[in-house]
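In: only geometry, no sequence info:
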């Protein structure tokens, strides 16, 4: 049962990553007196062996909903990085009464019925590459590029080596399944958007955030000078913003 007045943060990693991506942020939030969960989604981290063509967005949504229900978590600040913006949106649609806030960290922000391909059309190229491979249902992690793009924005050599240890393939189905956002109760949930700025790869565009949140209050949009994997690059600065968001 959730302890009264203890804010709970559930940190959801993006595509190809695992829960260890948050290893530098979790202790900082814990030191601030919060309960923190950073699970690996099916097919990643300690669950990498579960990856199969049937794993999709719905699988990952169920991962987080099951965690909230099994641990009986309420008053949760649900944080999604990158692809996990799709996940947290759908989780809030299913269990809005458990969610105190949504935080989109350089994340996809879908509308009802959209897929990753709709939100980030650039990903179609990845599916085309997979289709020509021996395992057309698997999408390998993005390759490292020259600085400042690096590996998901990470350019420090030691950090890049560490990041490689937590990357694994993604199922094509994760990018193809539409998100369901049809619960009017989610409109009341406050949202925060944290945008990483300074090293956006060519061809990647970010949808503008509407000036007003669904609950009628002004949108909360903050910028963070960092590459995409800000939880690895600037964990302290990201933690400060996460605490403000909660």
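Out: Sure, I can see it. In this text, all values refer to a predicted model and were calculated from it rather than measured experimentally.
In: what's the lengthiest helix in the chain packed up against?
Out: Longest among the helix segments of the chain by residue count, using DSSP state H, is helix 57-70. Helices and strands touching helix 57-70, by 3 or more CB pairs under 8 Å, 6 or more residues apart in numbering; DSSP states H and E, are strand 8-12, helix 84-94, helix 172-176. Where you see a C-beta, it was placed from the backbone N, CA and C, and this is true even at glycine.
In: rerun at 10 Å
Out: Judged by 3 or more CB pairs under 10 Å, 6 or more residues apart in numbering; DSSP states H and E, helix 57-70 is in contact with strand 8-12, strand 35-37, strand 76-81, helix 84-94, strand 170-171, helix 172-176.
In: Please give the number of neighbouring residues around the residue nearest to residue 171 when sequence neighbours are not counted.
Out: With sequence-adjacent residues excluded and distances taken as CB to CB, 6 or more residues apart in numbering, residue 171 is closest to residue 55, at 4.3 Å. Residue 55: 23 surrounding residues under other CB atoms under 10 Å.
In: please renumber so the chain begins at 41
Out: Taking 41 as the first residue, the last one we looked at is residue 95.
In: re the thing from before, so which of the helices and strands packed on helix 97-110 is nearest residue 229?
Out: helix 124-134 (5.8 Å; CB to CB).
In: same for that closest one, what does it pack against?
Out: strand 48-52, helix 97-110, strand 116-121, strand 139-145, helix 156-159, helix 212-216, strand 231-237.
In: Which one, of the ones you listed, ends up nearest to residue 247?
Out: helix 156-159 (7.4 Å).
In: what about the helix or strand just after the closest one, average pLDDT?
Out: Tracing the chain past helix 156-159, the next element assigned as helix or strand by DSSP states H and E is helix 164-171. Per-region confidence: helix 164-171 scores 91 on mean pLDDT.
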